[in-house]
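Chemist: based on what follows, work out the 3D shape:
(5 chains)
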Amino acid sequence: MSRFIKKSSKKAGLPPGALIHVGDKKAEEVSIRIIDYNEKDFEERDLSPVHETFSCKETSTVTWISVDGLHDVDIIQNIGEAFHLHPLVLEDVLNTGQRPKIDDFETYTFITLMMLFYVDENWQIRSEQFSLILGDDYIISFQEKAGGIFDPVKKRIKNGKGRIRMRGADYLAYALIDAVVDNYFLVLEKIGERVDSLEERLMNDPQSEIAQEIHLLKRELIFLRKSVWPLREVISSLERGESDLFKKETEIYLRDIYDHTIQVIDTIETFRDMVSGMLDVYLSGISNRMNQVMKVLTVIATIFIPLTFVAGIYGMNFKYMPELEWPWSYPIVLIVMMVIVVIMLIWFRRKRFL
Amino acid sequence: MSRFIKKSSKKAGLPPGALIHVGDKKAEEVSIRIIDYNEKDFEERDLSPVHETFSCKETSTVTWISVDGLHDVDIIQNIGEAFHLHPLVLEDVLNTGQRPKIDDFETYTFITLMMLFYVDENWQIRSEQFSLILGDDYIISFQEKAGGIFDPVKKRIKNGKGRIRMRGADYLAYALIDAVVDNYFLVLEKIGERVDSLEERLMNDPQSEIAQEIHLLKRELIFLRKSVWPLREVISSLERGESDLFKKETEIYLRDIYDHTIQVIDTIETFRDMVSGMLDVYLSGISNRMNQVMKVLTVIATIFIPLTFVAGIYGMNFKYMPELEWPWSYPIVLIVMMVIVVIMLIWFRRKRFL
Amino acid sequence: MSRFIKKSSKKAGLPPGALIHVGDKKAEEVSIRIIDYNEKDFEERDLSPVHETFSCKETSTVTWISVDGLHDVDIIQNIGEAFHLHPLVLEDVLNTGQRPKIDDFETYTFITLMMLFYVDENWQIRSEQFSLILGDDYIISFQEKAGGIFDPVKKRIKNGKGRIRMRGADYLAYALIDAVVDNYFLVLEKIGERVDSLEERLMNDPQSEIAQEIHLLKRELIFLRKSVWPLREVISSLERGESDLFKKETEIYLRDIYDHTIQVIDTIETFRDMVSGMLDVYLSGISNRMNQVMKVLTVIATIFIPLTFVAGIYGMNFKYMPELEWPWSYPIVLIVMMVIVVIMLIWFRRKRFL
Amino acid sequence: MSRFIKKSSKKAGLPPGALIHVGDKKAEEVSIRIIDYNEKDFEERDLSPVHETFSCKETSTVTWISVDGLHDVDIIQNIGEAFHLHPLVLEDVLNTGQRPKIDDFETYTFITLMMLFYVDENWQIRSEQFSLILGDDYIISFQEKAGGIFDPVKKRIKNGKGRIRMRGADYLAYALIDAVVDNYFLVLEKIGERVDSLEERLMNDPQSEIAQEIHLLKRELIFLRKSVWPLREVISSLERGESDLFKKETEIYLRDIYDHTIQVIDTIETFRDMVSGMLDVYLSGISNRMNQVMKVLTVIATIFIPLTFVAGIYGMNFKYMPELEWPWSYPIVLIVMMVIVVIMLIWFRRKRFL
Amino acid sequence: MSRFIKKSSKKAGLPPGALIHVGDKKAEEVSIRIIDYNEKDFEERDLSPVHETFSCKETSTVTWISVDGLHDVDIIQNIGEAFHLHPLVLEDVLNTGQRPKIDDFETYTFITLMMLFYVDENWQIRSEQFSLILGDDYIISFQEKAGGIFDPVKKRIKNGKGRIRMRGADYLAYALIDAVVDNYFLVLEKIGERVDSLEERLMNDPQSEIAQEIHLLKRELIFLRKSVWPLREVISSLERGESDLFKKETEIYLRDIYDHTIQVIDTIETFRDMVSGMLDVYLSGISNRMNQVMKVLTVIATIFIPLTFVAGIYGMNFKYMPELEWPWSYPIVLIVMMVIVVIMLIWFRRKRFL
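Modeler: The predicted structure is shown next:
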C-alpha cells in the first residue's frame, strides 16, 4: 500500500514548505556529482556535500548537479538556498510519492516524474521519485538513490557523441526525461509477458490460484496507470511551450516524448482491457467443470438409486411375498433392472447429460 | 444515510435565505474566538456571543473570527448583519451538508469545505462543514464544533514563526484550507490500511463476512469521493484567480493545495479500482470451494452407490438364486467390488476429480 | 414505462406546431388563476377560461397567470394568441414528457421543468410537467393539475413578506423554479430511506425478493436521473445570463439553484453507486449459503453412504460367508464403522467442511 | 449483421467516387416523382427516369425531386450531372449503410439520415438510408424504396395547409428530417413495450429463454444507438447555422428537431440502463431456485440416509446379534429413528433450511 | 503479445534518433520502386538500393518512391540524407509498432498508419506499419513488405484513368491512406462474420469452448481499437488543414476518409458492445442447465431414498416384528410406497421442479 499512499502523518500540522523527508531511506549516503560541459570541454567531479558550498557558476558551460539520496534534509536545504529555490519546491523534492507535475517559476522550471522498475522477485512495480530543476544553464536532478537509468546519458556526454554536447541545458533535461520514459517500455514488456502467460494458462490449464494472480496483475496495472497518467499532462504542457527555458529546437524532441507517453498509456489501457475479462473466463470455466461434476453424480445416482430400491424390495422379510417363491423371479428382476438402466441411459443421452 | 443527504424537509416551502440550522447539534454551546495579529502584535480573546456586538475594525491587523457551533441562528445572523453578508451565504453556513463551493461577492469571498475524520469505532468517515468568509483584512470561519484541526495554525500565528504573521488574511485563508486538505491524507491512510488488510485476508483466508466488509468499504469510498471531488473545482477556481482577495504571492500556495487535492482524488480513484475487483475474487474463491465440495461428494457417492446396489442384489430373499449356494460367490463378489473401485478411481483421476 | 416515453403515435404525421395534448388527463377541469401584485397592491382572481379573453395589461404590476390542467387545447391556444407565443412553444406545453429545456425568444423565455413526487403506495416517482413563460412583467405557468408545490410562494406574495413583492417577474420565475428544485430533495430523502433500509436488510436478513427490490430501486434512480440531469444545462444557461429577462440582481439566486441542482445530481449518482454493488453482495450471500447447504449434504452423505455399504455387505444372503458365523463379527463391524466415522470427521475438519 | 456493416468487399480497390450500389435491392423499379410548388401553384408528376433528362429550372417554385430506389446507378449519375453534384456525394447516396452526416458544399448541402422501422415479425429494427440534397430552391431526396413516411408531408403541400407552401426549400428539408425523427418515437414506443413486458416477466415468471431475449433486446438497442447517435451532431451543426441554405426563420424549427433528437438519445440510454441490469436479476433468480432445489435434496437425503443405515445394521445376517432376539428391539429402533428425524428437523429449521 | 508491444529492450539507452529496426523481418530483400508521372507521362522503374543514390528531381512530375522492407538500416539512412529528413522521422519509420500519428515539418509531412489484415488460419489480425513522407512533389512510402493493398492505386496511375494523374502528390497521399482505411472494412467484415457465428452458436448450441472464443474475439477487438482509434486524430488534423502540403481541393477527400474512419470506429465499438454481453448469456445458460441437472437428481433421489428406507425397515432381521407375519403386509407396503410417490410427484409439480 505504501506505494499507493505515503505515510504523511508526520507532516500533519506543519507549515507549508516545511522540509521533511517522506519515504524510505533508499541510499546509504547522499552523493552529489557535478558534470560541467560545453561543446569542447568536459569536467566531472564528486562533491562532498557537507563541507562545500554551491556556487552558481557564471561560465558558458552546462552544469548538471546530480543528487542521489534524499534523506539528508540539510543538503537539500543548502542547494535550495544556493539556487534560490522556493521552499515548496524543496518540500516536493523531499516528499516522495508526488504526483508527476511541472511548476514553472520565473528563473527555473521544476519537474517531478516517477521512475518505474519491475522487480522480478515479487512481481511488483517499484517506483522512485525523480525531480529535476532546469535553470538557464544548469540542471539539478534529485533521485532517491543512485541508479543506472541515466548512465547512458552520462556516457553520451562524456564521449561527446551525438547532439548532446552541442545543445543547452534544456536538451539535457529532455534527455533525462526521455530516459525515464524509455524505461517504462521495459516495465511494459515485463507486464506484457505476464499477461501473455496468464492468458495461456487460462486457456489451457486454469488452476484456482489464477484468480488471485489476475487480481495482483490488475493491481500492478492500476499502480502503473496512476503513475504514468499525469505524465501526459506534464509533457503536453512542456510541448505547448509553457516553460520558456525549453528552446524552440528542443520542441520536436518533446513531441517525440509525448508520443511515447501516449503509447505507454495506450498500452496500459489495452492491458487493462485484456485482463479485465480474464476473471470472467476463469469463472465460466469453473462453472463448466462444476456442471460436469454434477452430471456425473446425477447420472450415477439416478441410475443406481432406483435399482437399489428394487433390490431393497425383495430384501424385505415378509412372510407372504409370492414373488420370492417363483423360480423365474430372480432373472426377471435382473432383466427389469437392465431395462431400467438402458432406458435411463437413452434418456440421459437425449438430455445431453452424457 | 444522513451523511449522504441531510433532512431538508424542514426547509421545504421557506423563502430563499431563510436561516434554519440543518444538521445535528454537535457542540453544546456556540463559542466565538477572535484573533488579531500583524507582524508585530498578537491578541486573542473570547467573545461572549450574546452580549457583545461585532464591529469590523479599521485597524491594520488581520482579524480572524472563529465561530464553533452553528445551532444558534441568532448569533450567525448577528455576524451576518455586522459584516453585511448576503442572506444566501448565511443560509449555506447553517445548512450543513453543503457541497464544497466558492462564491465570490464584491467585498468578500465565501468558501465551504468538508472536514473529514475517520472514526475508528464504526469504520466510518465523519464529515463536518467548514465555512470561511474572506474579507479584505478579516476572516470569519464557521465550524460545527470546536476541533483540533486548526490548532497548529493558531500556534504558528501565536509563536510568530514562519511567514504567516507577515502575510495578509488571504494567506491565513490558504493556511486553513491547507489544514483541511492535509487532514484528508490522514483519512486516506486509514482507508489504505483497511484496503491492505482486506486484500491480505482475501488472499489468505476469505471468510463469508468479507463480502459485506468490501461493500462497506466501497460505501466509504463513495462518500469520500462525493465529499472531495467538488473541492477540485473550488480550488482550481481559486488558483485561476477568480477571487480578487487572494494576492498574487499566495497563488503559488494555492497551486500547491490544488496539487494535493488532485493527489487525494487520484488516490480515492485508485482505491475504488482496487476494491471494485475484490468481490469478484471472493466470488471466484467461493465457486472454487464449492467445486471441491461437490467433487468429494461425487467421488464418494459414485463409488459406493453401485457397490451398495451389488450388495443389495445378494440381499434379496428369492428362493431360487443359484449364486447364493456357490461356495466362492462371496469372495468373487468382494473382488468384483474392488475392481469396480479401482476402475472408478482411475477414471476419476483422469477426469481430474482427484 | 409511460413514465419513460409518452405515447406519441397520435402525433406522427402532424405538422410541427400542431396542438395535441399528449399525456394523461390529470385534472378534471382546467382552472386559470391570475395574481397581480406590486410592492403595494395585491389582487388574486379566478378566470373562467371559456368566456373571458386575455389581455396583456400595460400596468406596472407583475402578473402571474397560473394554468392548472392541460387537456383543453382551446384554452392553451387562446393564451398563445393573446401573448403571441410561438406554436412550437404551445406544442411543448401540451406535449407532457418533455425533456427539461429553455428556449429564449425575443420577448419571452420559455422554460420546461419536471416536478417530481414520491408516491408511497407503489414506491414510484411520479412526474408532472411544469412549463413557464417569463415575459417582461408577466409569468404564465402551466401545470398538469393544481398542486400544493407553489402554495408557499403564493402565500409569500399574499403576505408581502420577504423580497418577493419588491422584485419583478424574473424573481417570481426564480421562486417557482426554486420550489420545484427544493421538492427534489424531498424525493431524494425518501429514496435515501429506501436505500438505507435495503442496505440494512442486505446485511442482516437477505431474502430472495431483495433482488427484485434492488432492481426496482435502480429503475427509479434511472428515472430520477433522466428527469433531473437536463435541468443542469437549463439552469446553467440561465445563470450564464442567456435570457435578458433575468435581471442582474437575480443572478446570485440562480447560482444558488444551480448549486442545489448539482447537489441533487451528485446525490443521485451517489445512490446509483451505492445500489449498483448491492446485487453483487446479495449474490455472494446466496453463493455462500449454497456452499453451506452443500457442505451439510456432503458431510452426511459421505459419512453414511460407506457405512450403509458395509451394512449391505453383511446383509447379503450367501451361504458361505464365514464372518457371519463368528461370535465377535457384529461388535467388530460396529467398531470399524465408528473408526471410519472418526477418520472422516477429522478429514472434514481439516478440509474446513465443518 | 448486415445491419451493422454492409458488405463492402466489392468496393475495395476502386477509386474514390466510383458509383456502385452497396446494399440490398429493396424496390423493384426506380421511380422519380417531381413536386413543384409555391404559395399559389402546385404541380406533381412522375418522371420516366430513362428517357427524360433533368433540368434545373429557373422558376420561382420550390422543386422536390423524390427518387425511390437506388439500384440503378445510371439514373443517379444522370441526376448528379444535371445538378453538378460531387462524385463523392453520389457515392454516399449509393452506399447505403452510411453513418448519418452532413456535408456542406458551396451551392448545396448534402444530408444523410437513417430511417428506422420496427419489424414486428422478427422483433428487429430495420434501417433504410435517406439522403437529401438541399439546393437554393430545390430538394433531391433519395430513398431505398417508396415508403409512407413522407406521405403526410406531401399531403400538407398538396392541401396547402400550414406554413409549408409559404416557405422555401429549406423548410421542406426541415419537414422531411422532422418526419424521419418523429418516426423514431414510434420505434422507441415498440421497444419500450418490449422492455416493459420483459421486466414484468422477469418479476413474475422468469423462464430460461428470457436470457436470450434480453440479449436480443440489448442488440437492438445497440443498433438503435449506433444509428441515432451521429444524428445529434448532424442536427446540431445545422442548428448552429453551418449551412447557409437554411434561413434564419427555419432555425427555431431545427432547434425543435434537435430537442427531439436529444430526447430520443436520452430514451435509448435509459432503456440501455434498464435492460443492462435485467440479466443480473435473472441470474440471481436462477441462483435462488438452485438454492431451494439443493435444500430439498439436502433435507431429504440428510434425514433418510442415516435412517437407512440404521435399518441396514439390523438387516445384517450375523449369527450373534443379541438385539435381534429381544422382543422390544423393533419398537425401540422405530422410536430412535423418529427421535433422529425430530432432532434433524429442529436443526434444519434453525439453520433456515426449512 | 508482440502485436501489443514490440520488444524495445534493444533501444533502451540509445540516443534519440538512433536508427535500429524494431520488429520482425518480413521481407527477404528491400526493394525500391520509383514511379514518376504527370498528366501526360508515366515512368516506372526499380532502384537497386545499394548502388544508386537518390536525387530529388526538380522536374514537374510527381515522384512516388515506394520502399518495401525496413530491415536494411543503411538504405533508410540513405533516403533520409537525400531528402533531408529529421533523424526522429527515420527512427519512427524503422520502429514498427508505432502509434498512428502525423508530424508536420516545414518542407514535408510525416504520417504513420497501421495496415491491418485478417489472417484466416489463426483468426488473428495482423498489423503492418505504413509510413508516408509527403513532400512538395514527391511521396516516399515505407512498408514492412511488398503487399497488394496499393496495387489498385498503381494501376490507376498507370492507366491514367480517373483524377489521379491530374492531381499532385497530396492526392496520391490521400489515395494511399484511403486504400489503407478501405482495407479496414474487409477486416471488419470478417470480424462481423465471427460475431454473427458466435451469436448464433450462443443461441442454439452453446458449447464450453465458446467462453474462450468470446475472449479471443474480445482480444482482437481490443487490438483493432488500439490500432484504429489514434487514426481519427491523425486524419482529423489533416482535414483541419494543419499540413500546408495538402491542397484545398483535396480537403473534401480527406473529409471522406474521416467519415470512413469514424464509421470504422463506430463499428468496432458496436462489436465490442455486442460481444461484451455474450459471456453473461453463456454463463446464464450454464446456470440454467446446472439447475436442470440438479432438479433431475433431486427428484430421483428424493423419491427413492425414502422408499428405500421403508424397504430397509422390513429388511431388518428382528425376531419380533409382527408386520412380517401378516398376510397383507406386503401389498399394503407396496401401496403405501406408491402413495408416497404420487404425493411427492404432485408436490414437485407444484414446486415447478417438473
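Chemist: what ranges does chain A have for its helices?
Modeler: With DSSP state H as the criterion, chain A has helices at A:73-82, A:87-94, A:151-159, A:169-204, A:210-239, A:251-276, A:278-313, A:322-325, A:329-350.
Chemist: save the ones you listed as JSON lines, and put in mean pLDDT and mean neighbour count too.
Modeler: Any C-beta I mention is one placed from the backbone N, CA and C, and that applies to glycine too. Listed next are these as JSON lines, based on pLDDT from 0 to 100; neighbours: other Cβ atoms under 10 Å in any protein chain shown:
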{"stretch": "helix A:73-82", "mean pLDDT": "87", "mean neighbour count": "17"}
{"stretch": "helix A:87-94", "mean pLDDT": "89", "mean neighbour count": "21"}
{"stretch": "helix A:151-159", "mean pLDDT": "88", "mean neighbour count": "15"}
{"stretch": "helix A:169-204", "mean pLDDT": "91", "mean neighbour count": "19"}
{"stretch": "helix A:210-239", "mean pLDDT": "91", "mean neighbour count": "20"}
{"stretch": "helix A:251-276", "mean pLDDT": "92", "mean neighbour count": "20"}
{"stretch": "helix A:278-313", "mean pLDDT": "91", "mean neighbour count": "22"}
{"stretch": "helix A:322-325", "mean pLDDT": "89", "mean neighbour count": "14"}
{"stretch": "helix A:329-350", "mean pLDDT": "93", "mean neighbour count": "14"}
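Chemist: looking at those, which is closest to residue E:116?
Modeler: Closest to residue E:116 of the helices of chain A is helix A:251-276 (Cβ to Cβ; 15.3 Å).
Chemist: other SSEs contacting that closest one?
Modeler: helix A:169-204, helix A:210-239, helix E:87-94, strand E:101-104, helix E:210-239 (3 or more Cβ pairs under 8 Å, 6 or more residues apart in numbering or on different chains; DSSP states H and E).
Chemist: now the shortest one: buried residues?
Modeler: Right, strand E:101-104. E:101-103 (16 or more other Cβ atoms under 10 Å in any protein chain shown).
Chemist: near chain E, which residues of the stretch 101-250 of chain A? Just list them.
Modeler: With Cβ under 8 Å from any Cβ of the partner chain as the criterion, the stretch 101-250 of chain A meets chain E at residues A:151-152, A:156, A:161-164, A:175, A:178-179, A:182-183, A:185-186, A:188-189, A:192-193, A:195-196, A:202-203.
Chemist: and the residue nearest to residue A:165 when sequence neighbours are not counted, how many neighbours?
Modeler: Once flanking residues are discounted, residue A:165 sits nearest to residue A:39: 5.4 Å by Cβ to Cβ, 6 or more residues apart in numbering or on different chains. Residues lying near residue A:39 (other Cβ atoms under 10 Å in any protein chain shown) number 12.
Chemist: same check, this time on the one 3 residues further on
Modeler: Using other Cβ under 10 Å, residue A:42 has 15 neighbouring residues.
Chemist: might you report the residue contacts of it?
Modeler: A:35-36, A:157-158, A:160, A:165 (Cβ atoms under 8 Å, 6 or more residues apart in numbering or on different chains).
Chemist: swap in residue A:341?
Modeler: Counted by Cβ under 8 Å, 6+ apart, residue A:341 has contacts A:303, A:307.
Chemist: please apply the same query to residue A:133.
Modeler: A:83, A:85, A:89, A:108-111, A:139-141.
Chemist: rewinding a little: check the buried residues of strand E:101-104 against chain A, which are close?
Modeler: Answer for the buried residues of strand E:101-104 near chain A (Cβ under 8 Å from any Cβ): E:101, E:103.
Chemist: ok, the buried residues of strand E:101-104 vs residue E:236, which is closest?
Modeler: Nearest to residue E:236 among the buried residues of strand E:101-104 is residue E:102, at 9.8 Å by Cβ to Cβ.
Chemist: residues in contact with the closest one?
Modeler: Per Cβ under 8 Å, 6+ apart, neighbours of residue E:102: E:109-112, E:234, E:237-238, E:242-243.
Chemist: of those residues, which ones also sit close to chain C?
Modeler: Among the contacts of residue E:102, no residue sits close to chain C (Cβ under 8 Å from any Cβ).
Chemist: can you lay out those residues as JSON lines showing distance to chain A?
Modeler: Output for the contacts of residue E:102, formatted as JSON lines (distance: Cβ to the nearest Cβ, whole Å):
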{"residue": "E:109", "distance to chain A": "14"}
{"residue": "E:110", "distance to chain A": "11"}
{"residue": "E:111", "distance to chain A": "13"}
{"residue": "E:112", "distance to chain A": "10"}
{"residue": "E:234", "distance to chain A": "12"}
{"residue": "E:237", "distance to chain A": "13"}
{"residue": "E:238", "distance to chain A": "17"}
{"residue": "E:242", "distance to chain A": "13"}
{"residue": "E:243", "distance to chain A": "15"}
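Chemist: ok, so of these, who is nearest residue D:125?
Modeler: Distances from residue D:125 to the contacts of residue E:102, taken by Cβ to Cβ, are shortest for residue E:234, at 33.4 Å.
Chemist: where's the closest one relative to residue A:140, distance?
Modeler: Taking Cβ to Cβ, to the nearest Å as the measure, residue E:234 falls 38 Å from residue A:140.
Chemist: then residue A:93?
Modeler: Residue A:93 is 9 Å from residue A:140, by Cβ to Cβ.
Chemist: same question for residue A:210.
Modeler: Taken as Cβ to Cβ, the span from residue A:210 to residue A:140 is 47 Å.
Chemist: related to what we said a few turns ago, tell me which two of the contacts of residue E:102 sit farthest apart.
Modeler: Most distant of these, by Cβ to Cβ, are E:112 and E:242, 15.3 Å apart.
Chemist: compare those two (neighbour count), which wins?
Modeler: Between residue E:112 and residue E:242, counted using other Cβ under 10 Å, the more crowded position is residue E:112 (23 against 12).
Chemist: what sits against that one?
Modeler: E:92-93, E:98-102, E:129-132 are the contacts of residue E:112 under Cβ under 8 Å, 6+ apart.
Chemist: one more pass at 10 Å, please.
Modeler: A:259, E:89, E:92-93, E:95-96, E:98-103, E:129-132, E:142, E:230, E:234 (Cβ atoms under 10 Å, 6 or more residues apart in numbering or on different chains).
Chemist: for residue A:198, same thing?
Modeler: Here residue A:198 is in contact with A:206, A:210, A:213-214, A:217, A:274-275, A:278, A:282 (Cβ under 10 Å, 6+ apart).
Chemist: max pairwise distance over those: which two?
Modeler: The farthest-apart pair in the contacts of residue A:198, when distances are taken by Cβ to Cβ, is A:206 and A:274, at 16.0 Å.
Chemist: related to what we said a few turns ago, and for residue A:93 and residue A:140, which residues touch both?
Modeler: A:67, A:79-80, A:85, A:110, A:131-133.
Chemist: got the residues of chain A near chain C?
Modeler: A:301, A:308, A:311-312, A:315 (Cβ under 10 Å from any Cβ of the partner chain).
Chemist: and which of those is nearest to chain C?
Modeler: residue A:315 (6.9 Å; Cβ to the nearest Cβ).
Chemist: how near is the residue of chain A found nearest chain D to chain E?
Modeler: Chain A approaches chain D most closely through residue A:315 (7.0 Å), counting by Cβ to the nearest Cβ. Residue A:315 sits 4 Å away from chain E, going by Cβ to the nearest Cβ, to the nearest Å.
Chemist: could you do residue A:106 as well?
Modeler: Taking Cβ to the nearest Cβ, one finds residue A:106 at 29 Å from chain E.
Chemist: enumerate every residue touching that residue.
Modeler: Counted by Cβ under 10 Å, 6+ apart, residue A:106 has contacts residue A:244.
Chemist: same deal with residue A:207?
Modeler: A:201, A:213, A:282, B:288.
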